[in-house]
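S.K.: After the sequence you'll find the predicted model.
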Amino acid sequence: MPAATVRPCAGPAEHAALAGVWRRAVDATHDFVAPADLDEIEALLVPAYLPAVRLTVAEAGGVPVGFAGTSGDELAMLFVDPSWQGRGVGGALLAHVVHEQGVTRVDVNEQNAAAAAFYARRGFTVVGRSATDEAGRPYPLLHLRLTAAG
C-alpha cells in the first residue's frame, strides 16, 4: 500500500468519499452509539457538518483514508478508515492541524477510550466533561486541551 499524504480537502465533490470514511470509522470504533443516532448524524454529515469546518484529508493512492475537520482552534472531527488505523494517519492529521492550523482543543466521547488515549499521548489533557454530546444525546464528552508539545 502506498504511504498516506496530508492535503487540503478538494471541496464538496469529495464530501461523499469522506462520509464513507466516517461511516467505516464509526462502525469500527463507536459501538456505544445507537444505530439510529449514527444514521441521524450521517444524514447531516454532507449537507451540514462537513461544510461547517476546514477539512484536511489524508490520502493514499488518490483515495481518502482519513480526514480532520477544524473550526478555529478546535478539532471538530478526526476519522481514519479502519484499514489505515494504527499506521500513523491519525497522528499525521493531528500534527498537521496542530502545527498548521493552531488546534489546541478537542472533545472526545468518554466511551471511546482509544481516542482519549490517542490524544493523551499527544499532549492533550482533560479540562472538563459534559454529560451529553452537542445534540443532547446520552454520550458524555471529555473536553481536552493541548498542554504539552504533541
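M.R.: Structure received. Numbering: from 1, shown residues only.
S.K.: neighbouring contacts of the lengthiest helix in the chain?
M.R.: With secondary structure taken from DSSP state H, the chain has its longest helix at helix 15-29. By CB atoms under 8 Å, 6 or more residues apart in numbering, the residues outside helix 15-29 that reach it are 9, 33, 38, 42, 45-46, 50-51, 55, 57, 63-67, 77, 79-82, 85, 112, 114-115. Where you see a C-beta, it was placed from the backbone N, CA and C, and this is true even at glycine.
S.K.: Equivalent analysis for stretch 30-47, please.
M.R.: 15-16, 18-19, 22-23, 26-27, 49, 109, 111-112, 137, 139.
S.K.: now with 7 Å?
M.R.: With CB atoms under 7 Å, 6 or more residues apart in numbering as the test, stretch 30-47 has contacts from His15, Ala16, Ala19, Trp22, Arg23, Val26, Gln111, Asn112, Arg137, Tyr139.
S.K.: Which ones among the contacts of helix 15-29 lie within helices?
M.R.: In helices, judged by DSSP H, the following of the contacts of helix 15-29 are found: Leu38, Glu42, Ala114, Ala115.
S.K.: what stretches of this protein score poorly on pLDDT?
M.R.: Counting by pLDDT under 70, the chain contains low-confidence ranges at 1-2, 148-150.
S.K.: The lengthiest strand in the chain packs against which elements?
M.R.: Criterion DSSP state E: the longest strand present in the chain is strand 63-71. Applying 3 or more CB pairs under 7 Å, 6 or more residues apart in numbering; DSSP states H and E, one finds that strand 63-71 contacts helix 15-29, strand 54-60, strand 74-80, helix 89-101.
S.K.: buried stuff in it?
M.R.: Neighbour counts using 16 or more other CB atoms under 10 Å place Pro64, Val65, Gly66, Phe67, Ala68, Gly69, Thr70 of strand 63-71 among the buried residues.
S.K.: Tell me who's in contact with the residue nearest to the second one when sequence neighbours are not counted.
M.R.: To tie it back to what came earlier, the one meant is Val65. Setting aside the residues directly before and after it, Val65 is nearest to Trp84 in space (CB to CB, 6 or more residues apart in numbering), at 4.3 Å. Counting by CB under 7 Å, 6+ apart, Trp84 touches Ala4, Val65, Gly66.
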